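Chemist: sequence and computational prediction follow.
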Amino acid sequence: MRIAIIGGTGSFGRVLAERIQALGEEVVIGSRDSSRAKEIAAVVGVEGAANYQAVEGADLVVLAVRSNAALETARALAPVLGTTPLLCVASDLTFTDNGVVPGRQTYSLAEHIDRIVEGPVAAGLQSLAAAHLAQTEPTEEDVLVCGDDPRAKEPSLELAGRLVRGRAIDAGPLANARALEGMTAVILNVNRRYKAQAGIHLVGLP
Ligand SMILES: NC(=O)c1ccc[n+]([C@@H]2O[C@H](COP(=O)([O-])OP(=O)(O)OC[C@H]3O[C@@H](n4cnc5c(N)ncnc54)[C@H](OP(=O)(O)O)[C@@H]3O)[C@@H](O)[C@H]2O)c1
């Protein structure tokens, strides 16, 4: 599988690239700046290219830009993305004096992106901390993925399940990205309160 990571120069995208590369998959890191992409890709040992070039020939595109740039990046890349499946890992958050809260009252970022791009969209990995991905051994946690279209959800679940020691769990339709994105706010508050780096583990599954 060839996986393009848009914003793969960032904290999350970079360790995701390292981990996927270690799984033996083909990875290309994308950036707005092709030289930055190439520089970081050379360190990681993968390909690097400008975002619009990185998506060419990809089987799955992971949109890993800063969340407040996710919509504009999806709009800019929509023509070159065509029908390529997309995995959105973004969470829209608002930072208040009382803590972190979900940024959106209605649709999730992933649902907005689904309306922008032509191809199928899944959402997931929001609860998987970059710091956990960076550990030498996969962490004992589950990851949640949702989506309406199996062309995006199935490869996303397959990939997600190889990133953790727990399971990749199908969390239903794309509208549930509202809950997955909101869960990031919950986790960030938990992290702050308990000085921790929390992940998710669901119990009661067969
Ligand atoms: N960090 C985590 O632990 C974690 C965990 C799960 C999910 N996520 C999600 O992963 C995504 C990336 O998080 P991050 O912590 O890696 O973010 P980040 O390091 O702040 O940014 C990631 C990349 O976004 C690109 N970017 C920044 N501003 C942009 C703009 N205006 N337009 C287009 N691209 C822009 C940059 O790439 P270039 O400048 O090279 O283009 C940057 O390297 C977020 O949606 C986040 O919610 C993060």
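Modeler: Great, that's in hand. Remember, predicted model here, so these are calculated numbers, not experimental data.

Chemist: how about the contacts made by the spatially closest residue to residue 84 that is not a sequence neighbour?
Modeler: Leaving aside its sequence neighbours, residue 84 sits nearest to residue 119 (Cβ to Cβ, 6 or more residues apart in numbering; 5.0 Å). Quick note: C-beta positions are derived from backbone N, CA and C, even for glycine. By Cβ atoms under 8 Å, 6 or more residues apart in numbering, the residues touching residue 119 are 81-86, 151-152.

Chemist: report the buried members of those.
Modeler: The neighbour count (16 or more other Cβ atoms under 10 Å) marks 81, 84-86, 151-152 as buried among the contacts of residue 119.

Chemist: now the element after the helix or strand where residue 146 lies, going C-ward?
Modeler: In the assignment (DSSP states H and E), residue 146 maps to strand 143-147. For strand 143-147, the following helix or strand on the C-terminal side (DSSP H and E) is helix 150-160.

Chemist: please point out which parts of that following helix sit buried.
Modeler: Result for helix 150-160 [16+ other Cβ under 10 Å]: buried residues 151-157, 159-160.

Chemist: which secondary structure elements does that helix sit against?
Modeler: strand 60-63, strand 86-88, strand 121-124, strand 143-147, strand 168-170 (3 or more Cβ pairs under 8 Å, 6 or more residues apart in numbering; DSSP states H and E).

Chemist: now mean pLDDT and distance to the ligand too, for the ones you listed, in CSV please.
Modeler: Listed next are the helices and strands packed on helix 150-160 as CSV, based on pLDDT from 0 to 100; distance: least, Cβ to the nearest ligand atom, whole Å:
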stretch, mean pLDDT, distance to the ligand
strand 60-63, 98, 8
strand 86-88, 98, 8
strand 121-124, 98, 9
strand 143-147, 98, 10
strand 168-170, 98, 14
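
Chemist: make TSV out of those and add distance to residue 94.
Modeler: Shown next, in TSV, are those (distance: least, Cβ to Cβ, whole Å):
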stretch	distance to residue 94
strand 60-63	20
strand 86-88	18
strand 121-124	19
strand 143-147	21
strand 168-170	27
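
Chemist: doesn't residue 188 fall inside a helix?
Modeler: Yes. Assigned with DSSP: H, G, I helix; E, B strand; the rest coil, residue 188 falls within a helix.

Chemist: that one: how many residues sit nearby?
Modeler: Burial of residue 188, expressed as a neighbour count using other Cβ atoms under 10 Å, amounts to 18.

Chemist: grab the nearest non-local neighbour of it.
Modeler: residue 100 (4.4 Å).

Chemist: return the distance of the closest residue to residue 92 other than its chain neighbours relative to residue 35.
Modeler: In space, and not counting its chain neighbours, residue 92 is closest to residue 103: 3.5 Å by Cβ to Cβ, 6+ apart. Counting by Cβ to Cβ, to the nearest Å, the gap from residue 103 to residue 35 is 32 Å.

Chemist: thanks a lot, catch you later.
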